[in-house]
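# Fold the stuff below for me.
(one chain, ligands or ions: 1)
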Amino acid sequence: MKKPINAHSNILDLIGSTPLVQLNNIAAPLTGNFYAKLESFNPGHSSKDRIASFIIEEAERKGLLKPGSTIIETTSGNTGFSLAMVSIVKGYKCILAVSSKSSPDKIDMLRSMGAKVYVCPAHVSANDPRSYYEVAKQLHSETDNSIYINQYFNELNIEAHYRTTGPEIWEQTNGQITHLVACSGTGGTISGIARYLKEKNPKVRILGVDAHGSVLKKYHETGEFDHNEIYPYRIEGLGKNLIPSATDFNCIDRYIKVSDADSAHMTRKVACTEGIFGGYTTGAVVQAMYQLNTEEEFDENSNVIAIFPDHGSRYMSKVYSNEWMENQGFFDTKNVETPERIEY
Ligand code: PMP
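Residues are numbered from 1 along each chain as shown. So this is what the prediction gives:
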């Protein structure tokens, strides 16, 4: 008898079960043991594959989707790519309303994955009918058999990570994890993992990474929405100017804020010390590890798991471009004359 062909039934079979890798060089100056969970190993190269497939499959179970139905979301980022990928395989249409700030590369990428992309003006308020929020809502109400993913306010975003990423980390560490360091954007990743880990061991410390210019940390500490915390920043996917209901603030022990410049340099440092080509928030999470280390969050017995959310290929014209780094003034912060002189 011939052996069966050892193949996955389709690309979506490869979502999840991402590897955990020890950080040997970048974490050498820190106290404790440090590991990265590489979400770039998902087929759509980010953690957002998990929520895209989970939310769509939940809608299927509830009978909300039929062949030819439409998936709608407001994002030009990783979630858009993941939704487009899942939609292709499952036979749905995918419509994404994106801001005119999105780079042409990103819009081309989404269109290449079969998504219909509406580009909406960036400089209008969220409740303006031309904003990408309002355009998405309008498209949803006009389109039969459509679902609106609404990742910032969708409890299933948390559930996806509670069911998959959390148990994976618990098993991969044989229950020996002591700290989780994860970026907080929608909050789905950190909240879902945290809920699972706290059930297993309430002592696991859950450490959220926020951006300067975002309201999350202050809200966590005071319960207050402080408009003064809000100003423009460069890191994409981290922090927010509103309070997402996909963040369970009760299961997060503390937040730490990182800067655009430090995170950008750290992203490049991770690439050239570990050979891990991560996105901008990979640098943010490692920068947070350094700051937490200075604040004596860890000891020699700490087993710290950091979530690396996506792949560096999406940032070629940003953190991996010397010209972009220079235009942001980020090389000035390292006090060097030319970017080439930086040795990480
Ligand atoms: N990093 C990147 C690059 C992201 O796109 C996101 C998602 N916005 C995050 C981190 C944070 O993940 P979450 O939305 O689950 O908090």
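
# Just to check, residue 115 is in contact with residue 92?
No - look at residue 115 against residue 92 with C-beta atoms under 8 Å: they stay out of range, at 10.5 Å. Heads up, the C-betas are built off the backbone N, CA and C, glycines and all.

# Tell me how many other residues crowd the nearest residue to residue 47 once chain neighbours are set aside.
Counting by C-beta to C-beta, 6 or more residues apart in numbering, residue 39 is the residue found nearest to residue 47 once chain neighbours are left out, at 3.9 Å. Using other C-beta atoms under 10 Å, residue 39 has 27 neighbouring residues.

# same check, this time on residue 2
Residues near residue 2, counting by other C-beta under 10 Å, number 4.

# ranges for the helices of the stretch 101-250 of the chain?
Ranges of helices within the stretch 101-250 of the chain are 104-112, 132-142, 155-163, 165-172, 188-200, 216-222, based on DSSP state H, counting those that start in this stretch.

# What residues sit buried inside the fifth one?
Judged by neighbour count (16 or more other C-beta atoms under 10 Å), helix 188-200 contains these buried residues: 188, 189, 190, 191, 192, 193, 194, 195, 196, 197, 198.

# Close to the ligand as well: tell me which of these qualify.
188, 189, 190 (C-beta under 6 Å from any ligand atom).

# What is the burial count for the closest residue in space to the first one that isn't next to it in sequence?
Closest residue to residue 188 apart from its sequence neighbours, by C-beta to C-beta, 6+ apart: residue 157 at 3.4 Å. Counted with other C-beta under 10 Å, the burial measure for residue 157 works out to 29 neighbours.

# where exactly do the strands run in this protein?
Taking DSSP state E to define them, one finds strands in the chain at 20-22, 33-38, 70-73, 93-99, 116-120, 146-148, 179-183, 205-211, 254-258, 303-308.

# Give me the sheet partners of the last one and which way each runs.
Put plainly, it is strand 303-308. strand 33-38 (parallel), strand 179-183 (parallel) (DSSP bridges).

# quick revisit: ranking the helices of the stretch 101-250 of the chain by burial, who's on top?
Using mean count of other C-beta atoms under 10 Å, the stretch among these with the greatest mean number of neighbours is helix 188-200 (a mean of 24).

# Quick one: list the elements packing against that one.
helix 155-163, helix 165-172, strand 179-183, strand 205-211, strand 303-308 (3 or more C-beta pairs under 8 Å, 6 or more residues apart in numbering; DSSP states H and E).

# got these as TSV, with distance to residue 49 and mean pLDDT columns?
Putting those into TSV (distance: least, C-beta to C-beta, whole Å; pLDDT from 0 to 100) gives the following:
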stretch	distance to residue 49	mean pLDDT
helix 155-163	10	98
helix 165-172	11	98
strand 179-183	16	99
strand 205-211	21	98
strand 303-308	14	99
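
# Output these as JSON lines; include the columns distance to the ligand.
Below are these laid out as JSON lines (distance: least, C-beta to the nearest ligand atom, whole Å):
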{"stretch": "helix 155-163", "distance to the ligand": "7"}
{"stretch": "helix 165-172", "distance to the ligand": "9"}
{"stretch": "strand 179-183", "distance to the ligand": "4"}
{"stretch": "strand 205-211", "distance to the ligand": "8"}
{"stretch": "strand 303-308", "distance to the ligand": "8"}
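
# Return the residues of the stretch 1-150 of the chain in contact with the ligand.
Going by C-beta under 6 Å from any ligand atom, the residues of the stretch 1-150 of the chain near the ligand are 77, 78.

# Next one: residue 3 relative to the ligand, how far apart?
Distance of residue 3 to the ligand, computed by C-beta to the nearest ligand atom, to the nearest Å: 40 Å.

# neighbours around that residue, how many?
Residue 3 has 5 neighbouring residues, counting by other C-beta under 10 Å.

# Wait, residue 38 touches residue 21, no?
Yes - between residue 38 and residue 21 there is a contact under C-beta under 8 Å: 6.0 Å.

# quick one, which of the two is more surrounded?
residue 38 (20 against 16).

# Quick check, residue 207 in contact with residue 181.
Yes - between residue 207 and residue 181 a contact is recorded at 4.8 Å, counting by C-beta under 8 Å.

# okay, and the common contacts of these two?
Each of 288, 292 lies in contact with both residue 207 and residue 181 under the rule C-beta atoms under 8 Å, 6 or more residues apart in numbering.

# Flag every residue of the stretch 151-300 of the chain that's near the ligand.
If contacts are counted using C-beta under 6 Å from any ligand atom, the residues of the stretch 151-300 of the chain sitting beside the ligand are 183, 184, 185, 186, 187, 188, 189, 190, 237, 238, 279, 281.

# Check those residues and tell me the two furthest apart.
Greatest spatial distance in these: 187 and 279, 17.8 Å, computed using C-beta to C-beta.

# Which other helices and strands does the helix or strand of the chain with the lowest mean pLDDT contact?
Lowest on mean pLDDT, DSSP states H and E among the helices and strands of the chain sits helix 104-112, with a mean of 90. On a contact count with 3+ C-beta pairs under 8 Å, 6+ apart, helix 104-112 meets helix 78-90, strand 93-99, strand 116-120.
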